[in-house]
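Undergrad: For reference, the sequence and a predicted model appear below.
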Amino acid sequence: MENPIKTYERIRSIDVFRAITILLMVFVNDVAGVRNIPGWLKHAEPGSPGMTFVDVVFPAFLFIVGLALPFAFARREKHELGKALWGHILTRTASLLAIGLLMLNGAAVTSMSPAWWNVIMYLGVILFWADASFLSNKPKISGILKISGALLLVLMLVLFRRDSTSGNTWIQTGWWGILGEIGFAYLISSLLYLLFREKPLLLFSVPFFCLLLYIADRSGQLDFLGRVKDIFFIGSHFGTHVLIAFSGLLCGYFLFRGEGQEKRQILTKMGLFALLLLLAGYALYGLYGIDKIAATPSWALYSSAVCVLLFMLIYWIMDIKGFVFFYDFFKPLAVNSLLAYILHVMFIYVFRLIGIAAFYGSGLGSGGIGILRSLLYTGFIYLITRLLTWAGLRLRL
């Protein structure tokens, strides 16, 4: 008889899944600028009949958000009242939306050097959201760093201007950026989980209603919302993106409520869930096809199924077979994934400031050399993140 899952245990496979996801995100974002590489290293073309592994990396981010929620909320509820938890959800959502908008607009700044604006902005983000454990005995210094970060962000917002034919030359929402999209999925998934966690029938019906919401949006049933529909992209941000995050949440729910069950039983539930996602994706393929940009149901369902299967593999290796010797390698990225994500964009602008951006994009921007460049850059971001994590710097929303 295998040991049952205990709800208070830290599931190391969740950490490893998160770390692998951020490594892949850094790699695919960098390799996207490389010329003359195989098509499977880039997003599938819109309208194509399939998808590449690159199309699953962003869904993996959404998936891990949901996967960790049952455990994260359980830890917080041991120390916080209900109102504090709701406040945390809203604060974290606002933080993700704010950083997402800053990142989205950074490339469009024309009122000053884009490189300087972005480097200062990212520095402000790091200082403001830093949880510097190495300064735990120096609260005044920690407070000064946070205030400095806030002042830098305010200054960059004051200085920000962009060229625009629409007349709006300041911050624009657009598609809200990767972190903004994650913020919306986190908000809706959190609210639905807290409302329905003691009602399994409603909890497991959420993905179905996410599909209905997307179909309602695409078919024009939500046009009465006017500009609200266009600003918030309801079909994707509140429909299929939430579906992916909630698929992760349901896997986390299997684990969290798995006390008294053998781990293989939990694995079997996940396998059946992945099969259901695959069948649903196949059944709905004829409706809108597979398209990451349009966030179609089949893309969301197939991506969710892939994430479930990958997590099952990691869970089997680590939590069933007990191969955890590589956990320490991934842990810095697991506990500091936001910092790694911020750094991997920030350093592209740093390269511009120090004058190597042209060589980085041309001399190292094609074919196998370009792929190797992206692998080395991913390793570089890993090392920087590991060093800063070891020093006690973490970003906490």
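TA: Received, thanks.

Undergrad: measure stretch 289-303 end to end?
TA: Stretch 289-303 has an end-to-end distance of 13 Å (criterion: Cα to Cα, to the nearest Å).

Undergrad: Show the residue spans covered by the helices in the stretch 1-150 of the chain.
TA: Ranges of helices in the stretch 1-150 of the chain, per DSSP state H, counting those that start in this stretch, are 12-31, 57-77, 82-106, 114-128, 139-159.

Undergrad: Quick check: mean pLDDT of the second one?
TA: Pointing back at helix 57-77 there. Taken as a whole, helix 57-77 carries a mean pLDDT of 93.

Undergrad: going forward can the numbers begin at 28, since that is how I track them
TA: Done: numbering now begins at 28, and the last item shifts to helix 84-104.

Undergrad: Which positions in it come out as buried?
TA: Applying a neighbour-count criterion of 16 or more other Cβ atoms under 10 Å, one finds 84-100 buried in helix 84-104. All C-beta spots, glycine's among them, are computed from the backbone N, C-alpha and C.

Undergrad: before we move on, back to that, would you format the helices of the stretch 28-177 of the chain as a markdown table with distance to Ile64 included?
TA: Below are the helices of the stretch 28-177 of the chain laid out as a markdown table (distance: least, Cβ to Cβ, whole Å):
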| stretch | distance to Ile64 |
| --- | --- |
| helix 39-58 | 7 |
| helix 84-104 | 16 |
| helix 109-133 | 25 |
| helix 141-155 | 26 |
| helix 166-186 | 34 |
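
Undergrad: With respect to Leu294, which of those lies nearest?
TA: Closest approach to Leu294 among these (Cβ to Cβ): helix 39-58, 10.9 Å.

Undergrad: Mind giving me the packing neighbours of that closest one?
TA: helix 84-104, helix 324-342, helix 354-362, helix 364-380, helix 394-418 (3 or more Cβ pairs under 8 Å, 6 or more residues apart in numbering; DSSP states H and E).

Undergrad: Flag every buried residue along the shortest one.
TA: Along helix 354-362, the positions that meet the burial threshold by neighbour count (16+ other Cβ under 10 Å) are 357-362.

Undergrad: Quick check: of those, which lies closest to Phe54?
TA: Leu360 (12.5 Å).

Undergrad: Pull the contacting residues for that closest one.
TA: 45-46, 49-50, 367, 409, 412-413 (Cβ atoms under 8 Å, 6 or more residues apart in numbering).

Undergrad: which one is it nearest to, not counting chain neighbours?
TA: Leaving aside its sequence neighbours, Leu360 sits nearest to Ala46 (Cβ to Cβ, 6 or more residues apart in numbering; 3.8 Å).

Undergrad: Equivalent analysis for Arg423, please.
TA: Asp158 (3.9 Å).

Undergrad: Pairing partners for the one you found in the sheet, please.
TA: Arg421 (DSSP bridges).

Undergrad: Any figure for the gap between the residue nearest the centre of the chain and Ala272?
TA: Residue closest to the mean C-alpha point of the chain, counted by Cα atoms, centre = their mean, is Phe88 at 3.4 Å. Distance, Phe88 to Ala272, using Cβ to Cβ, to the nearest Å: 9 Å.

Undergrad: The residue nearest to the centre of the chain contacts Val53, doesn't it?
TA: No. Between Phe88 and Val53 there is no contact under Cβ atoms under 8 Å: 11.9 Å.

Undergrad: okay, and for the stretch 28-177 of the chain, where does confidence drop off?
TA: Residues of the stretch 28-177 of the chain that meet the criterion pLDDT under 70 lie in 28-37, 107-109, 159-164.

Undergrad: can you do 50?
TA: 28-35 (pLDDT under 50).

Undergrad: Leaving out the residues flanking it, which one is nearest to Ala134?
TA: Counting by Cβ to Cβ, 6+ apart, the residue nearest Ala134 is Pro141, at 6.6 Å.

Undergrad: residues contacting that neighbour?
TA: Here Pro141 is in contact with 133-134, 376, 379 (Cβ under 8 Å, 6+ apart).
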